[in-house]
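Participant: Okay, predicted coordinates and the sequence, questions at the end:
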Amino acid sequence: MPTLSAPHRSRPLIEDHGLIGSTATGALVHSDGTVNWLCLPRFDSPAVFAALLGTEDHGFWRIGPAADGFPLTADRRRYRDHTMVLEHEWDTPGGSVRVIDFMPLGTTAARIVRIVEGLTGTVEMTSLFCARPGYGATTPLITRTERKGTARLCATVHPDSYWLDGLHHTVTEDGASADFTLTAGESVTFSLTWCTSSNPAPAMRSSRAALNRTAAHWREWASRCTYQGRYREEVLRSALALKSLCHPGGGIVAAPTTSLPEDIGGERNWDYRYTWLRDAALTVTTLARLGYTEEAEAWRDWLLGTLGRDADRRLQIMYGLGGERDLAEGELGHLPGYEGSRPVRIGNGAASQLQLDVPGEVADALLAAENAGLHTSRDADAMLRALARWTEDHWPEPDEGIWEVRGPRRHFVHSKVMAWVAVDRTIALLRRRPSATADELVHWERLRDQIHADVCDKGYDPERNTFTQYYGGQELDASLLLIPQVGFLPPDDKRVIGTIEAIQRELSTEDGFVLRYPTHDESGNNVDGLSGHEGAFLACSFWLADALAMIGRMQEARELFDKLLSLRNDLGLLAEEWDPRLKRQVGNFPQAFSHLALASTALRLTACDAAYLPSQRTMPAGAPPERELGTRTVAGVQ
């Protein structure tokens, strides 16, 4: 029987994993059947399996064939149609077997279920269970109980307990293991349930019933997607990934992981298990454009509860899933990091940064949700006005910007553009409200015009015919690609075209993908306060495809979009970045920013394809409608 400490595997690639989740938390499952990352009961809880950021000594749970060379990569894996139920299948000399992994939805106890099914012949199987609570720092006390003829193991480190149900596991010094044999038609079920150690043992529940309910829920949710274009399957998979990151309480995490590196072996490792207002707002906007408003309502309620009535005084760029404000950044020195990428961080110091763009994304999301059918709210209107006042007070200041640089604050052009968006969308929404006075609207219109003039005067380089990263600078920034998407300038404006072409020329890799910004100046000096380099940012690359479509370069846009789709793993998932040197995904995984950008660009391409057909008089189902932008409309604006 294989022991828990041997054999050790070579380091798995980030994209070798699939995500299963309950929307309260999620797990990453490797293609060999190993759960390498799991936080219970929430996304931002300490991990009980943290092998992804260390070694197997830091916690894992593997189920697979007990063959020479164990563990074996599955011969096939897939999501069960339009769900987040993950299946792995192995073919062995003795027969074939399937492992079904999922997390039940809507239960009070966080739980992961693994069902093993014999398909053909006879297969010897092994389950290796190595719980290491506290991000792999602690070896739990494991006790055994018997209930209704079923063995239960309980791994406890106060204040948490993890209950393993299923076949008899032999408790070892390292954890627990079980060997079993399956023939065709037989099945075995395992489940791991979290509860506080002071509570009674969680109830044992039917895993088959939970599987049927969970699969049915995901299928019903997916069926409500209004997009029917040529990229429907790709968009649906991205939408399901986004939904998986939407916590039942309304918060939306940027990713379910921490410290997967942007630069392999470097320090660009961040904890993304929190609710960035920007990322959450963009997720809400994308889902609303796909026909979903429940997530928008839950997020709006969460936002109102988090900010209270002091949005203009309590604004942070991110919060915990429960609205926590203290996200102090720390380091886990006992973890060596993914492929030696250190430090491993928990918390995020960027929470205290000034980022002027945030009210713009929030206001845009509120407009998108209302356009999609979300009912109005007086409290939300009060919050909208408060955020507009905050923007009025702060927009002239320098900030850390969308990329959260850890260098000096600057007058970032994207930040100013999004300040304009905040005021513009506020105007659009207030025009629908009888409570808005003419004087109030005139006030906001004047502010909007002032910001617009300031950006065009100080953020544009007429000699190079491009907007720049910050006022007075020479560097470019991929966030400038959003200028036409948010309606700041029309796509046929020469300044917009010049900016798109400059970014394509100066920030593109050999593969045509896009860097966020130059991390080093011409002398090789670091410019963002961090060492090392990073890969091509996938959301920015989708933005370029979007921008190319807007200026009529449809063939280039489609070619780039298809290349980006090819970077997804076999399950349709994307991390934050693509390393053009190593030809692999890097950064936290799966990343909301990448998937929302994929869906938005698919919507754009579908809308532009329709617009170029002379006989097409209406937008296709699921294409973005004309969106109200202050005093004008722009078709298909993100």
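Facilitator: Right, received. Where do you want to start?
Participant: Just the element for the residue nearest to residue 229 when sequence neighbours are not counted, please.
Facilitator: Nearest residue to residue 229, sequence neighbours excluded (Cβ to Cβ, 6 or more residues apart in numbering): residue 606, at 3.6 Å. C-beta: built from backbone N, CA, C; applies to glycine. Taking DSSP states H and E as the definition, residue 606 sits inside helix 592-611.
Participant: Now do that helix: which elements does it pack against?
Facilitator: Here helix 592-611 touches helix 232-244, helix 277-289, helix 538-550, helix 554-565, going by 3 or more Cβ pairs under 8 Å, 6 or more residues apart in numbering; DSSP states H and E.
Participant: for the ones you listed, which one sits closest to residue 324?
Facilitator: Closest to residue 324 of the helices and strands packed on helix 592-611, according to Cβ to Cβ: helix 277-289, at 13.8 Å.
Participant: and that closest one, what other elements does it pack with?
Facilitator: Under the contact criterion of 3+ Cβ pairs under 8 Å, 6+ apart, helix 277-289 touches helix 232-244, helix 294-307, helix 358-371, helix 592-611.
Participant: Not counting its own residues, what contacts that helix?
Facilitator: Applying Cβ atoms under 8 Å, 6 or more residues apart in numbering, the external contacts of helix 277-289 come out as 239, 242-243, 245-246, 251-252, 254, 295-296, 299, 303, 316-319, 355, 357-358, 361-362, 364-365, 368-369, 371-372, 374, 402, 592-593, 596, 599-600, 603, 622, 624, 638.
Participant: And for stretch 481-501?
Facilitator: By Cβ under 8 Å, 6+ apart, the residues outside stretch 481-501 that reach it are 360, 364, 414, 417-418, 420-421, 424, 452, 455-456, 460, 464-467, 476, 480, 503, 514, 540, 543-544, 546-548, 550-551, 627, 629, 632, 634, 637-638.
Participant: Cross those against helices and list the overlap.
Facilitator: Among the contacts of stretch 481-501, DSSP state H puts 360, 364, 414, 417-418, 420-421, 424, 452, 455-456, 503, 540, 543-544, 546-548, 550 in helices.
Participant: Next up, the contacts around residue 335.
Facilitator: 50, 53-54, 58, 135-136, 342, 344.
Participant: Tell me which of the residues you listed fall in helices.
Facilitator: Assigned to helices by DSSP H, the following of those qualify: 135-136.
Participant: Regarding the nearest residue to residue 125 once chain neighbours are set aside, what is its secondary structure?
Facilitator: The shortest distance from residue 125 to any non-neighbouring residue, by Cβ to Cβ, 6+ apart, is to residue 180 (5.3 Å). State at residue 180, reduced to three classes by DSSP: H, G, I helix; E, B strand; the rest coil: strand.
Participant: Near the spatially closest residue to residue 139 that is not a sequence neighbour, how many other residues are there?
Facilitator: Spatial nearest neighbour of residue 139, chain neighbours left out: residue 132 (6.7 Å); criterion: Cβ to Cβ, 6+ apart. For residue 132, the count of nearby residues is 26 (other Cβ atoms under 10 Å).
Participant: Can you tell me who residue 37 pairs with across the strands?
Facilitator: Note on residue 37: beta-bridge partners residue 28, judged by DSSP bridges.
Participant: Give me the contact list for the helix or strand hosting residue 91.
Facilitator: Counting by DSSP H and E, the element that carries residue 91 is strand 86-92. Residues outside strand 86-92 that contact it (Cβ under 8 Å, 6+ apart) are 18-20, 29, 31, 33, 64-65, 67, 72, 74-80, 96-102, 119, 121, 123, 571.
Participant: Show me just the buried residues among these.
Facilitator: Listed as buried from the contacts of strand 86-92 are 18-20, 29, 31, 33, 64-65, 67, 72, 74, 77, 79-80, 96-102, 119, 123, 571; burial here means 16 or more other Cβ atoms under 10 Å.
Participant: closest to residue 395 out of the helices and strands packed on helix 277-289?
Facilitator: With Cβ to Cβ, the closest approach to residue 395 among the helices and strands packed on helix 277-289 belongs to helix 358-371: 9.3 Å.
Participant: Give the other helices and strands that the following helix or strand past that closest one contacts.
Facilitator: Heading C-terminal from helix 358-371, the first helix or strand you meet, by DSSP H and E, is helix 378-394. The helices and strands touching helix 378-394, judged by 3+ Cβ pairs under 8 Å, 6+ apart, are helix 294-307, helix 311-314, helix 358-371, helix 413-430.
Participant: count of residues packed around residue 446?
Facilitator: Residue 446: 11 neighbours (other Cβ under 10 Å).
Participant: would it count as being in a strand?
Facilitator: No. Read with three-state DSSP, residue 446 is helix and lies in no strand.
Participant: Out of the helices and strands in this protein, which is least certain?
Facilitator: Taking mean pLDDT, DSSP states H and E as the measure, the helix or strand of the chain with the lowest value is strand 632-634, at a mean of 37.
Participant: and the contacts of strand 86-92, which of them are in strands?
Facilitator: Of the contacts of strand 86-92, the ones assigned to strands by DSSP state E are 18-20, 29, 64-65, 76-79, 96-102, 119, 121, 123.
Participant: got the phi/psi numbers for the closest residue to residue 537 other than its chain neighbours?
Facilitator: Nearest residue to residue 537 in three dimensions, chain neighbours excluded: residue 516, at 4.5 Å (Cβ to Cβ, 6+ apart). Backbone torsions for residue 516, taken as degrees, to the nearest 10, come to phi -70, psi -40.
Participant: Residue 516 reaches residue 540, doesn't it?
Facilitator: Yes. If you go by Cβ atoms under 8 Å, residue 516 and residue 540 touch, sitting 5.7 Å apart.
Participant: Give the residues shared as contacts by these two.
Facilitator: By Cβ under 8 Å, 6+ apart, the residues touching both residue 516 and residue 540 are 478-479, 507.
Participant: CSV for those residues, including neighbour count and distance to residue 563?
Facilitator: Listed next are the shared contacts of residue 516 and residue 540 as CSV, based on neighbours: other Cβ atoms under 10 Å; distance: Cβ to Cβ, whole Å:
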residue, neighbour count, distance to residue 563
478, 25, 16
479, 26, 21
507, 24, 16
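Participant: Which of those residues fall within strands?
Facilitator: Among those, no member falls in strands (DSSP E).
Participant: can you redo these as JSON lines with distance to residue 280 and pLDDT?
Facilitator: What follows is these, written out as JSON lines (distance: Cβ to Cβ, whole Å; pLDDT from 0 to 100):
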{"residue": "478", "distance to residue 280": "21", "pLDDT": "98"}
{"residue": "479", "distance to residue 280": "18", "pLDDT": "98"}
{"residue": "507", "distance to residue 280": "26", "pLDDT": "96"}
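Participant: How is the closest residue in space to residue 187 that isn't next to it in sequence classified with respect to secondary structure?
Facilitator: If you skip the residues right next to it in sequence, residue 187 has residue 117 as its closest partner in space, 4.6 Å away by Cβ to Cβ, 6+ apart. Counting by three-state DSSP, the backbone at residue 117 sits in strand.
Participant: now the one 10 residues further on
Facilitator: Assigned state for residue 127: strand (three-state reduction, three-state DSSP).
Participant: List the beta-bridge partners for it.
Facilitator: residue 63, residue 178.
Participant: Now do the contacts for it.
Facilitator: 61-63, 166-167, 169, 177-178, 180, 190.
Participant: mind redoing it with 10 Å?
Facilitator: 33, 61-64, 66, 99, 114, 116, 164, 166-167, 169, 176-180, 188, 190 (Cβ atoms under 10 Å, 6 or more residues apart in numbering).
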